[in-house]
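show me the folded form of this:
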Amino acid sequence: MGQVRIRMIEEKDIPFVQEYVSKEKIADTTNVPHPYPKYGARLWYKIVKAKREKGNLYPFAILYDEEFAGSISVRKEDEGTGAIDYWVAPNFWNKGIGTKAVHKAIDFGIEELKFKKFETCCLVDNPSSGRVLEKNGFKFVKEFQIKNNNKHEGKIANLYRLEI
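Next up, the predicted model:
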């Protein structure tokens, strides 16, 4: 198994983000639109960079043997609570990369942001993501129907929680 590490997203990652999130397999389980806009990754980078500067979001690149393999963000929900959002490019699936990246993101949230709890969710149609969370100590809280989200409105998702 190769080495997994995370580092803050950089401008040089934009072409990889553009390529990978343009894939329907990624769009199906995330809030990423499909088809993905031609300059979507560049706009996304500007947005997450601004949110990072405000201290609300910490976007990372997931690297597998130093190759860009996906993205993971640690998001501040409220004082002491964070959320983790992530995707791994399809050609890197089933290698444990997501599990290791989530572990590293949790460590960042605890050590750097002093989070005491994480809450995050994934679509019921994406059981692999649920397994990644459970392998990192998240516990299933409830199933709910998504509202106020144009893309996934009406779909069922699972809420997971990790308390430190």
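
and stretch 60-67, what's buried?
For stretch 60-67, a neighbour-count test (16 or more other Cβ atoms under 10 Å) marks Phe60, Ala61, Ile62, Leu63, Tyr64 as buried. Using the backbone N, CA and C atoms, a C-beta is placed for each residue, glycine as well.

for the chain, what's the longest strand?
If you go by DSSP state E, the chain has its longest strand at strand 67-78.

what pairs with it, parallel or antiparallel?
If you go by DSSP bridges, strand 67-78 pairs up with strand 57-64 (antiparallel), strand 81-88 (antiparallel).

mind putting those into CSV with distance to Glu112 and mean pLDDT?
Formatted as CSV, the strands paired with strand 67-78 follow (distance: least, Cβ to Cβ, whole Å; pLDDT from 0 to 100):
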stretch, distance to Glu112, mean pLDDT
strand 57-64, 8, 98
strand 81-88, 10, 97
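
before we move on, back to that, put the alpha carbons of the longest strand of the chain into CSV.
Coordinates of each C-alpha in strand 67-78 appear next as CSV, following Å, rounded to 0.1, in the frame of the first residue of the first chain:
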residue,chain,number,x,y,z
GLU,A,67,0.1,11.8,-6.8
PHE,A,68,-3.1,13.9,-6.6
ALA,A,69,-5.9,11.5,-5.7
GLY,A,70,-8.7,13.7,-4.4
SER,A,71,-9.7,16.4,-2.1
ILE,A,72,-10.8,16.6,1.6
SER,A,73,-12.0,19.6,3.5
VAL,A,74,-12.4,20.3,7.2
ARG,A,75,-15.2,22.7,7.8
LYS,A,76,-16.0,24.6,10.9
GLU,A,77,-19.7,24.1,11.8
ASP,A,78,-19.8,25.9,15.1
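
which residues outside it are in contact with it?
Strand 67-78 has contacts (Cβ atoms under 8 Å, 6 or more residues apart in numbering) with 4, 6, 9, 13, 16-17, 20, 48, 55-63, 82-89, 92, 97-98, 101-102, 105, 108-109, 113, 119.
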